[in-house]
Every structure is written in structure tokens, then in C-alpha cells.
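J.: Coordinates for the following, if possible.
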Amino acid sequence: MSRAGVKTGLEMDPQSLEKGALEVARLISAFHAASESEPVLRHENPAALAERLGPDLPRKGTDLLALIREVRERVIPSGRRNDSPRFFGYVCSGGSDAGALADFLASGINQNVTAYRSAPAPTEMERLVIDWIRRIIGMPDGSEGLLLGGGSAATLTALAAARDAVAGADVPRSGLITLGREMTLYASDEVHMSVPRAASLLGIGREGLRVIPSTPEFRMDMAALRASIEADRMEGRVPFCVVANAGSTSTGAIDPLSEMAALCEEESLWLHVDAAYGGFALLAPGAAGLLSGLGEADSVAIDPHKWLHVPFDCGALLVRDPKSLRAPFGDVGEYARTRDAEGRSAHAFFEHGPELSRRFRALKVWMMMRHLGLERLGALIDHDLAMARALASRIEESADLELLAPVPLSTVCFRYTGGERDEGALDRLNRRILSGLQEEARVYPTHTEIKGRFAIRACILNPRTTEEDLDLLLSEVRRLGESAAR
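T.: Sure thing, here's the model as predicted:
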């Protein structure tokens, strides 16, 4: 029998594929069209949701169009609307149609971007978009990197390289016991949770992370950092890395990057910058000067799935010295070893990061940057920054609201006061307000803690957000605050 006669069910005839793709496109279009009228989140019983998805093993096949209808009816209504102009939670983009089409195409051609020999054009495209990002950040020629699942994976990868570069011993081969001394790293109290998790995974331990207090502007206290490094050296420990924020998740804080780079050079430490949130603000004219010094880092984590609006998942890591990634990740099985000794055709991403199998993430980054262009992307970021400033101004001008942190980027931390002065009572009141906001889900902020105080946190990462949406957020806060205070 010829291969043409073999029916596997894995491929569809062209007409059926086009029909299914068109139905998916209509579904996506209808989803976005409802973003302003639907609540941000529908609360449902988890057991009922699981039951609706069909818990029985699917012994027999089901028509694809019927399955797409099931997704429309049973899945989409019970997801969170990240594309809503009133979703103010976390640091979350609503995605983009161009990025979604790129993701669809990448899945359709199903490239495994492990190395050049496995996927020549996708490998070159990933190296190209990494170089575009390098130029945006301002890192020097010769800096390289790779795409990963997000900022957490990028930070873990960077800290592995930092550990091995500074250790002065063959840690990848023999482990940290080779040193006979504790290694320590440093970050401010605005540190993202990925850093202590990375410390745990890398054998440093969470106790090896020195949490440095921040200034009233939520920037790392440089005097305290110097003192902590000196104390650890005096006690025989091995300081190896400082982690700086370029847009902290909690408040959007930006550390003094150039000053930290100078200190790290002086102390022979690795500087890693967590720019997962704030890095692409470099494209926005309204953020000029905010991220000065970012290009001086040894490594930078930055997320295209935030301000470049590509669909999840897509983070990026850039390192000043690409060879530094080979120490933790250069152990290669003979079955994977390339026969090319040098040149671009010898490039293998699995020798620079933790993943072997890797999806074609670069296509959606390339597509978005080419489709919109950096000028338009920068204008969209400028819009978010302007909306955050407008929200902060409304809060500062109000008698019943209090701004709890500066607003360098697009995150606004505040609370409802309503005349209350007791800190414990204010925390309880604002917890009740936030619970009400998230339960009703007309608007959807999240929370954080600001110097021990409970804060309602609104992060604006959606160019669809307008001043009307800001007014609705504050009116809902007031409504629930007044009701809770009775």
C-alpha cells in the first residue's frame, strides 16, 4: 500500500483543516469582541468544571468541529479574561491575534528547536530575535541568549551560570561541597519569588539569599548591600551574585542599575537584572532614562509575553558571556553531540539552557516585532504608563484613598482609607474590599504587601484600558469600602 493510502487521523484533508482553522479564528474573534461586556472571571465549582470536561477515558474519537464547540461552550466561559481592559491583576498581557496566528503556525510545522541541525531556520530566527532584544537593552556585541518559558526559567538559568562562573571550583562536576563554604546572593525586599526558588534548586538554599532592605522609593539600599557583602566575606562565605529589579512585580520598582553594576565589577560579582516586567519599557518615549544601566548587566531576564503582547509562554535570557552558560548546561550525551566543530551550524540551544525539547517560540516574537514595529509597540507601552499615572493622580487627589508606593512604570499600589487610621483595621477593610472586587469581577486587581501594609494592586498592561476603566475601578473600591465600613 502506498503511503498516500494510509489513514492515520493525524492529518486532515485541506478542506477540513481550513474549516477547523476558520472556526477557531471565529471563536477567537468572538472572544475578544466580548472582552468589555463580560466579567473578568466567572466563579464556578471546580468539581462541576471537571465533570463538564468529560472525565471518562476517550476510547473512541470525536469530530473535531464538535470538540471546538465544546471548547467554546465549556472552557472559554470559565477562563479568566486576560484581555479585559479591566483586568488589573499580576503583570499579564492580553496577547495578540498576530501572536496567536504565529503560535498556530509554529505548532503546525512542529519544529523542535534544540539546535541548528534540528531546525535551521527556526534556530537562526531565535538567534535573530535575541539579538534584536540585545540591541533594545543595550548589551554589548557578542552577548547572546535564548528563549525560555518565562522570567522564572530565565532567572534560574542565569543564576546557574552566575554560580559556576564565580565559584572558582568545578561545581558542575563535583557540586557545591567542592567549595567547602556557603555561597550567597543578594536581592532587595522587592525580589520576585523566582529568586529564592532558584537558590533552593541550585543548592544555595533560601538562607543563602540575603534580602537587602529597600529605600522609601523601593530601590535597593546600596549601603546595606555593601555591608552585607562585606560581612559575608568576613565570615568566610562566597558572595557570587546581585539580583537587581528593573520593574519589580510588587510595585514596579527599578533599582539603581548603573551603581549596582559598578559595585559588582568592584567586588567581582555577577549582576543579574530581573527585567521580566519592565525591560521593554525602553521602547516607550515616556520611560526615557528609567532603565539607565540595564545594558551593563552580566545577564538580563525579560519577557516578550508581557509588553510585546506575544501569547504565553515566552521569556528571554541574555548573557554578556555566552560561554558562561556552557558550564551548567554543556554536558551532552553522545547521541546529541554535533559533528560540526564550530560555526553557526554548530549552535545548540540545549548547551545554553535547561531544555532539550524546545518549541518554536521565536516565530511569535519575530511576528509581533515585524507586524507592529518597535515604534508602535513603544506607543502602546506609553499608553499603559500614562494610564498608571492617571490612576495615581486620582488616588493622590482623593480624601478617601491613599497611594502606597511610587509609580515608575504601570503598577499602582493603594488602599481605601475612608477616614480609618488604625493600621490593623485598614488591612482588614482592604482585604474585604479586594475579596469583593474579585468575587464580582467587574474589575480585577490583585494585592501585595507594602512595608507591612495590605495594598490593592492594579497593574496596567493592556492598551485597551481607558480612563473610564480607571474610574470604574475606583468607584467599585469606594462602593465596597463604604459598605464594609458600615
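J.: Can you find the helix or strand of the chain with the lowest average pLDDT?
T.: Within the chain, no helix or strand scores below helix 171-174, which has a mean of 84 by mean pLDDT, DSSP states H and E.
J.: Same question for it: list its buried residues.
T.: Residues of helix 171-174 classed as buried: 171-172 (neighbour count, 16 or more other Cβ atoms under 10 Å). For the C-beta atoms, the positions are set from N, CA and C on the backbone; glycine is no exception.
J.: For it, which helices and strands make contact with it?
T.: helix 151-167, helix 326-329 (3 or more Cβ pairs under 8 Å, 6 or more residues apart in numbering; DSSP states H and E).
J.: model confidence over the helix or strand harbouring Ser483, on average?
T.: Using DSSP states H and E, Ser483 falls within helix 467-485. Predicted confidence along helix 467-485 averages 94 (mean pLDDT).
J.: Which parts of the stretch 351-486 of the chain are strands?
T.: 401-403, 411-416, 446-450, 453-459 (DSSP state E, counting those that start in this stretch).
J.: so of the ones you listed, which one's packed in deepest?
T.: strand 411-416 (a mean of 28; mean count of other Cβ atoms under 10 Å).
J.: can you list the domains in this structure?
T.: 13-81, 105-369, 373-485 (automatic domain parsing).
J.: close enough to count as contact, Val365 and Val310?
T.: Yes - using Cβ atoms under 8 Å, Val365 makes contact with Val310 at a distance of 5.6 Å.
J.: any residues in contact with both of these two?
T.: Residues touching both Val365 and Val310 by Cβ atoms under 8 Å, 6 or more residues apart in numbering: Pro304.
J.: Can you convert the strands of the stretch 351-486 of the chain into TSV and add a column each for distance to Thr62 and mean pLDDT?
T.: Output for the strands of the stretch 351-486 of the chain, formatted as TSV (distance: least, Cβ to Cβ, whole Å; pLDDT from 0 to 100):
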stretch	distance to Thr62	mean pLDDT
strand 401-403	52	97
strand 411-416	44	98
strand 446-450	37	96
strand 453-459	39	97
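J.: ok so, going back, out of Val365 and Val310, which sits in the busier spot?
T.: Taking neighbours as other Cβ atoms under 10 Å, Val365 and Val310 compare with Val310 leading, 28 against 25.
J.: Quick check, that one in contact with Pro304.
T.: Yes - at 4.8 Å, Val310 counts as touching Pro304 under the criterion of Cβ under 8 Å.
J.: Just the helices from the stretch 51-200 of the chain, written as ranges.
T.: Per DSSP state H, counting those that start in this stretch, the stretch 51-200 of the chain carries helices over the ranges 64-70, 97-109, 120-137, 151-167, 171-174, 194-201.
J.: highest average neighbour count across those?
T.: Buried most deeply of the helices of the stretch 51-200 of the chain, by mean count of other Cβ under 10 Å, is helix 151-167, with a mean of 24.
J.: Now do that helix: which elements does it pack against?
T.: helix 171-174, strand 183-188, helix 194-201, strand 238-245, strand 270-274, strand 299-302, strand 315-319, helix 326-329.
J.: do you know which of those lies nearest Asp384?
T.: Nearest to Asp384 among the helices and strands packed on helix 151-167 is strand 299-302 (16.3 Å), distances taken as Cβ to Cβ.
J.: where does this protein have low pLDDT?
T.: In the predicted model, the chain carries pLDDT under 70 at residues 1-7, 334-336, 339-342, 486.
J.: Could you export the strands of the stretch 351-486 of the chain as CSV, including distance to Phe350?
T.: Below are those laid out as CSV (distance: least, Cβ to Cβ, whole Å):
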stretch, distance to Phe350
strand 401-403, 47
strand 411-416, 35
strand 446-450, 36
strand 453-459, 34
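J.: so which of these comes closest to Asp232?
T.: With Cβ to Cβ as the criterion, Asp232 lies closest to strand 446-450 of these, at 26.8 Å.
J.: what comes into contact with that closest one?
T.: By Cβ under 8 Å, 6+ apart, strand 446-450 touches 88-90, 250-251, 404-405, 413, 430-431, 434, 454-457, 459.
J.: any chance you could map the strands in the stretch 1-150 of the chain?
T.: Using DSSP E, counting those that start in this stretch, strands in the stretch 1-150 of the chain cover 144-148.
J.: State which helix of the protein is the longest.
T.: Counting by DSSP state H, the longest helix found in the chain is helix 362-396.
J.: Output the contacting helices and strands for that helix.
T.: helix 97-109, helix 120-137, helix 304-307, strand 401-403, strand 411-416, helix 467-485.
J.: What is the neighbour count of the nearest residue to Ser118 once chain neighbours are set aside?
T.: Excluding the flanking residues, the one nearest Ser118 by Cβ to Cβ, 6 or more residues apart in numbering is Asn112, at 5.5 Å. Neighbourhood size, Asn112 [other Cβ under 10 Å]: 13.
J.: swap in Arg394?
T.: 18.
J.: do Met220 as well
T.: For Met220, the neighbour count with other Cβ under 10 Å is 28.
J.: Look up which residues are beta-bridged to it.
T.: Taking DSSP bridges as the rule, Met220 bridges to Ser214.
J.: closest to Leu271 out of the helices of the stretch 51-200 of the chain?
T.: Once those are compared by Cβ to Cβ, helix 151-167 is nearest, at 8.8 Å.
J.: Now do that closest one against strand 183-188, angle only.
T.: Following axes from the mean of the first three to the mean of the last three Cα atoms, to 10 degrees, one obtains 130 degrees for the angle between helix 151-167 and strand 183-188.
J.: Quick one: distance of helix 151-167 to the chain centre.
T.: Here helix 151-167 is found 17 Å from its chain centre; the criterion is Cα atoms, centre = their mean, to the nearest Å.
J.: Could you find the closest non-adjacent residue to Ala119?
T.: In space, Ala119 is closest to Gln111, 4.2 Å off (Cβ to Cβ, 6+ apart).
J.: An error on my part: the question was meant for Leu461.
T.: Ser93 (5.4 Å).
J.: what would the helices of the stretch 51-200 of the chain look like in a markdown table with distance to His447?
T.: Shown next, in a markdown table, are these (distance: least, Cβ to Cβ, whole Å):
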| stretch | distance to His447 |
| --- | --- |
| helix 64-70 | 35 |
| helix 97-109 | 29 |
| helix 120-137 | 31 |
| helix 151-167 | 20 |
| helix 171-174 | 39 |
| helix 194-201 | 19 |
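J.: now for those, which one comes closest to Thr465?
T.: Nearest of the helices of the stretch 51-200 of the chain (Cβ to Cβ): helix 97-109, 18.1 Å.
J.: The closest one relative to helix 120-137, how many degrees between them?
T.: Using the same axes, to 10 degrees: helix 97-109 against helix 120-137 is 150 degrees.
J.: helices or strands up against helix 97-109?
T.: helix 14-33, helix 362-396.
J.: Name the stretch among the ones you listed that sits most buried.
T.: helix 362-396 (a mean of 19).
J.: the inter-axis angle of that one versus helix 120-137?
T.: Using the same axes, to 10 degrees: helix 362-396 against helix 120-137 is 30 degrees.
J.: Run the chain-centre distance for helix 362-396.
T.: Remark: helix 362-396 is offset 15 Å from the chain centroid, using Cα atoms, centre = their mean.
J.: Could you do stretch 273-281 as well?
T.: 9 Å.
J.: before we move on, what about stretch 470-486?
T.: 30 Å.
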